Every structure is written in structure tokens, then in C-alpha cells.
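>>> Show me the folded form of this:
(one chain, ligands or ions: 1)
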Amino acid sequence: PEAERRKRKWTIDDFDIGRPLGRGAFGRVYLARTKKEEFIVALKVLFKNQLMDSGLEQNFRREIEINARLEHPNILRMYGYFWDDARIYLILEYAPNGELFKILRARHHFNERESASYVAELVEALIYCHSKNIIHRDIKPENLLLGGYGELKLADFGWSVHAPSSKRRTVCGTTDYLAPELVNKRSYDATIDIWCTGILLYEFLYGAPPFETNPPNQEETHRRIMRGTFDIDPRYISPEPARLIRAMLQTRGSDRIPLEQLRVEPWIVQNRMMKTEIRLPGDSDNDD
Ligand SMILES: Cc1nn(C)cc1-c1nc2c(-c3cnn(Cc4ccccc4)c3)c(Cl)cnc2[nH]1
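Numbers count the residues shown, from 1 in each chain. Got it, this is the predicted structure:
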């Protein structure tokens, strides 16, 4: 029960540790299982000294407080945390279907139904976050995992910056997702998450983000973001999603389509797949 879980003092001895699932700048994530309940989790291990040296300790503490309050089917749960002399451990929900961006890279781009489904699930997660006055502000494929039914799980790796890796074609991965208000260092509000959702929908359908430069050039990408001009290839992006992408990628935050409106847009409603737990006998594996 929740009360029991909250007051429980966890230690590393409560877990059997499995294979590494992934790693970030400050530590690794392991598959793990509680010895008592045999409950599968993802155990994120961060090194205190690295966290202190990075000066991100305050940021990290805030992330923990925020994540502990969030309970939503499209947000990766944090069940608890504990520490020892050298490390901090986060007990996170295990997402059995892994990192969404790896599937995106393998498939190059998603079809309209998959794209609309992931965007619909992300919008639900963001409406929930905004209802608790929480702005995610770091939405990008690397922060999206997939649950047991292929549903999207927004995971806030905000404090752990991935080492520049092959994951993104540009050197600093997040440049492509930067909203104008961040490029010119203005203050930002919840509409920043709408911008990133627009970038994500474009990347789902086309296979690359709209303001990307090849070879990667941060200044040029910033210029394109500030100009707000981008091409839409109709071979990949049909008129309906193109209209929604333009409505989300408005340079001024207040001009962007609200999430509550996006949620009921016909293209989203008609294309989204319901990833329910009930799978009827003889169901085909893919949802098409
Ligand atoms: C990878 C992978 N393959 N399959 C089949 C499942 C997974 C899976 N990974 C996770 C992961 C997971 C792993 N890495 N990362 C990225 C990371 C790691 C360390 C610091 C910062 C960021 C998250 C989690 Cl948290 C939670 N659940 C996960 N599930």
C-alpha cells in the first residue's frame, strides 16, 4: 500500500540487480527486482561526487520532488529513492519496450497512426503535468520510453544530460528542440511544451526535426528557430498534421494551439490507437 511504500527505508540489499539498461552522464540504470515482492523496477544509480561537481545537485533535488508527485499512465513513475555514502538510487518504473527514439531511428519515421498515438499520449501526460503547474521543458525522443502495451512513457531525464552520443545527428541533441524563448533566453511558460510536441510530431512523421542543419551548426539552427521557417515535405507529412505542426510551432507561445484543443483535433482522435491491456485472441501484433 502507498503509505507502507512511502515510509519504507530502502537499501540496495532489498534488490537483485540485473543487466544495465542504459547510462547517462551521472550514472547508470539497471534492471532490478525487489527481493521481497519480486517486483521489477529500473534502478537509476547516480554518483554523489559527480552530481556535486556538476553543481546540478539543486536541480536534481527539484527533479526528484517533482517526479515523486507525478502519477500518470504516460509518465514514468518514481516509486522512491535512497542513498548510501557514495551513490543516490532512484527506484523507477521499468518500461519493458525501451527507448522510443531507438525504434524511430530503426524505422526512420512512423506512420500517421503511430505518430498521432504517441502525440495523443504525450498530450495527456503534459495536460496532467500542467494541471500540477509543472513544465517539462525537455521533451525529445531520448526522454520517451515505451510501456508494456507500447504506450508512451514520458521520463524526465532532465538532470542527466546524455553524453554526446550517436543518439542525435547534431552534437548537442537538444538544439533541435529548443523553443525560440529559450534561444533568446527569455522567460518561458507551459506553452514551451507545445512547441516541443510540434517538433516531435514533425520528427515522428519525417524522420528528422524541422530546424536541423546538416552538417550540424548551432548558430544556423538557432537562426532557423527564430525565423520559424521550415519546409514540410508532403510525401511524409499530409496537410492535416502539417496544419497542426504549424499551429504548435508558432514563434510566440501565446499563439500556439492549446493542448486541450490538440487533444480533440480530428486527426489526433481518428488516428490514435487505443493501447489497452485487453488483447483479443487472434489480434495481429501490430495495430495497423
Ligand atoms: C533500454 C531498454 N531496453 N528495453 C527492452 C527496456 C529498456 C529500458 N530502459 C529503461 C530506462 C532507462 C535506460 N536508460 N535510460 C536513459 C538514462 C540512463 C541513465 C541516465 C540517464 C538516462 C533510461 C528506464 Cl529509466 C526505465 N525503464 C527502462 N526500460
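>>> Give the residue spans of the stretch 51-200 of the chain that score low on pLDDT.
For the stretch 51-200 of the chain, applying pLDDT under 70 flags the ranges 157-173.
>>> Contacts only, for the residue in it that the ligand sits nearest to.
Taking C-beta to the nearest ligand atom as the measure, the point where the stretch 51-200 of the chain comes nearest the ligand is residue 98, at 3.1 Å. In this view, the C-beta of every residue, glycine as well, is placed from N, C-alpha and C. When contacts are counted by C-beta atoms under 8 Å, 6 or more residues apart in numbering, residue 98 touches 145-146.
>>> mind listing the strands for this protein?
Residue ranges of the strands in the chain, as given by DSSP state E, are 15-24, 27-34, 40-47, 78-83, 87-92, 144-146, 152-154.
>>> Tell me which strands the fourth one pairs with, and in which orientation.
Strands adjacent to strand 78-83 in the sheet, as given by DSSP bridges, are strand 87-92 (antiparallel).
>>> quick one: is the partner strand near the ligand?
Yes. Judged by C-beta under 6 Å from any ligand atom, strand 87-92 and the ligand are in contact via residue 92.
>>> any idea of the angle that strand forms with strand 15-24?
Put simply, strand 87-92 runs at 100 degrees to strand 15-24, going by axes from the mean of the first three to the mean of the last three C-alpha atoms, to 10 degrees.
>>> Strand 27-34 and strand 87-92, what's the angle between them?
60 degrees.
>>> Quick one: distance of stretch 93-104 to the chain centre.
Put simply, stretch 93-104 sits 10 Å off its chain's centre (C-alpha atoms, centre = their mean, to the nearest Å).
>>> Would you mind finding the most buried of the strands of the chain?
Of these, the one with the most neighbours on average (mean count of other C-beta atoms under 10 Å) is strand 152-154, at a mean of 24.
>>> What lies in contact with it?
Under C-beta under 8 Å, 6+ apart, the answer for strand 152-154 is 74-76, 93, 95, 100, 117-118, 121-122, 125-126, 136, 139, 143-147.
>>> ok now that strand, how far from the chain's centre?
The gap between where strand 152-154 is centred and where its chain is centred comes out at 6 Å by C-alpha atoms, centre = their mean.
>>> and if you look at stretch 174-184?
16 Å.
>>> Correct me if wrong: residue 90 contacts residue 46.
Yes. Using C-beta atoms under 8 Å, residue 90 is in contact with residue 46, at 7.3 Å.
>>> Dump the strands of the chain into JSON lines; add distance to residue 216 as well.
As requested, these are exported to JSON lines (distance: least, C-beta to C-beta, whole Å):
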{"stretch": "strand 15-24", "distance to residue 216": "21"}
{"stretch": "strand 27-34", "distance to residue 216": "27"}
{"stretch": "strand 40-47", "distance to residue 216": "29"}
{"stretch": "strand 78-83", "distance to residue 216": "33"}
{"stretch": "strand 87-92", "distance to residue 216": "31"}
{"stretch": "strand 144-146", "distance to residue 216": "22"}
{"stretch": "strand 152-154", "distance to residue 216": "26"}
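>>> Can you say which of those strands is nearest to residue 198?
Closest approach to residue 198 among the strands of the chain is made by strand 144-146 (15.1 Å; C-beta to C-beta).
>>> by contact count, what packs against the closest one?
Where contact means 3 or more C-beta pairs under 8 Å, 6 or more residues apart in numbering; DSSP states H and E, strand 144-146 is packed against helix 100-107, strand 152-154.
>>> can that strand be found next to the ligand?
Yes. Using C-beta under 6 Å from any ligand atom, strand 144-146 reaches the ligand at residue 145.
>>> follow-up on the earlier one: helices - which of the contacts of strand 152-154 land there?
100, 117-118, 121-122, 125-126 (DSSP state H).
>>> Which stretch among the helices and strands packed on strand 144-146 is buried most, on average?
strand 152-154 (a mean of 24).
>>> and the closest residue to residue 145 other than its chain neighbours, backbone torsions?
Among residues not flanking residue 145 along the chain, residue 95 sits closest, at 3.6 Å (C-beta to C-beta, 6 or more residues apart in numbering). Backbone torsions for residue 95, taken as degrees, to the nearest 10, come to phi -100, psi 110.
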